[in-house]
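>>> Test case, fold it:
(one chain, ligands or ions: 1)
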Amino acid sequence: MLTNLANFFGGTRLLPVVEIDAAEDAPALAAALARAGIRVIEITLRTDAALVAVERILEREDVIVGLGSLLEADQFRYARQVGARFVASPGLNLDLLSVAEVEKMPYLPGVYSASEIMQARDLECRFIKFFPAYTSGRLSHFSQLTPIFKDLRFCLTGGIDASNLAEALALPHVEAVGGSWLAPRKLIKEKNWEAIEATAKEAMKIAGAERAEAAA
Ligand code: 3PG
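From the prediction side, this is the model:
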């Protein structure tokens, strides 16, 4: 049985998906996100700085950092090497799933179609990334598919920002929502930690309001 990444969120429901160009920016970035209350951070393996950035964030005890955008099982060794706490990929890679299972590392695979969701479900994945979630200005593709899969929980990523976050969080079966808008590459490059903290705080506020509404 796969270790469930959903447990890491502790109710925060937000996952910054980070492309970082300079590893030395990682501690300040993580601090800004943590000040906003973010608990989980995905550093994508899309830049040369990604691995050292994960290592630098691991020094913090108040956030959980994983390595994302893994495309093949062989790349799992990077996650192991730096001590990432979870791995994520845009699609579902069976070999990656196997190695993650053996090593008891939470794995967040991506899906987009009913067949992919069924395949992930067959493989006992219960918390799955739905990517890309917001396409052609709507979240309707996800909404049409998920009523069928009542035993699964999803993390929506791709095209989410403050304008559609509340709508995304309110959808049934959505456990978390992620994206680069929470820590834009440009703002990281500019070391604009205040803006990143403000964006993350705004998102946490939206998530909190949605939670209150759901509980009412
Ligand atoms: C991901 O890896 O989940 C996506 O690249 C995030 O998409 P976004 O940049 O549209 O948020």
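
>>> how close does the residue lying closest to Arg185 once chain neighbours are set aside sit to Leu33?
Leaving aside its sequence neighbours, Arg185 sits nearest to Glu19 (C-beta to C-beta, 6 or more residues apart in numbering; 4.5 Å). (Each C-beta comes from the backbone N, C-alpha and C, glycine too.) Counting by C-beta to C-beta, to the nearest Å, the gap between Glu19 and Leu33 amounts to 14 Å.

>>> Settle it for me: which of those two has more neighbours?
Per other C-beta atoms under 10 Å, whichever of Glu19 and Leu33 has more neighbours is Leu33, with 29 against 21.

>>> can you confirm that one is in a helix?
Yes: the assignment for Leu33 by DSSP: H, G, I helix; E, B strand; the rest coil puts it in a helix.

>>> what's the closest non-adjacent residue to it?
Nearest non-adjacent residue to Leu33, counting by C-beta to C-beta, 6+ apart: Ala200, 5.4 Å away.

>>> Give me the phi and psi for that neighbour.
phi -70, psi -40 (degrees, to the nearest 10).

>>> Ser163 too?
phi -70, psi -30.

>>> mind checking pLDDT for it?
Ser163 carries a pLDDT value of 96.

>>> go on, the one 10 residues further on?
At His173, the model reports a pLDDT of 94.

>>> got it, and Ala216?
Looking at Ala216, the pLDDT reads 76.

>>> quick one: buried residues of the helix-or-strand element of the chain with minimal mean pLDDT?
Of all helical and strand segments in the chain, the minimum by mean pLDDT, DSSP states H and E falls on helix 193-215, at a mean of 91. Residues 193, 196-197, 199-201, 203-204, 206-207, 210 are the ones in helix 193-215 that count as buried (16 or more other C-beta atoms under 10 Å).

>>> what about it and the ligand, touching?
No: Helix 193-215 lies apart from the ligand when judged by C-beta under 6 Å from any ligand atom; the minimum separation is 11.9 Å.

>>> So what touches that helix?
The contact list for helix 193-215 (C-beta atoms under 8 Å, 6 or more residues apart in numbering) reads 11-14, 16, 28-29, 31-33, 35-38, 162, 165-166, 169-170, 177, 181-184, 187-188.

>>> Please list all residues in contact with the residue nearest to Arg185.
Per C-beta under 8 Å, 6+ apart, neighbours of Glu19: 44, 46-47, 180, 185, 188.

>>> Also near the ligand: which of these, exactly?
44, 180.

>>> Can you turn the buried part of the contacts of Glu19 into a ChimeraX selection?
The buried residues among the contacts of Glu19 can be selected in ChimeraX (16+ other C-beta under 10 Å) with this line:
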select :44,47,180,188
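
>>> As a check, name the ranges of all strands in this protein.
Secondary structure of the chain, counting by DSSP state E: strands at 14-18, 40-44, 64-68, 87-88, 107-108, 110-111, 127-130, 153-156, 174-179.

>>> Strand partners (parallel or antiparallel) of the fifth one?
Strands flanking strand 107-108 in the sheet, each with its direction: strand 87-88 (parallel) (DSSP bridges).
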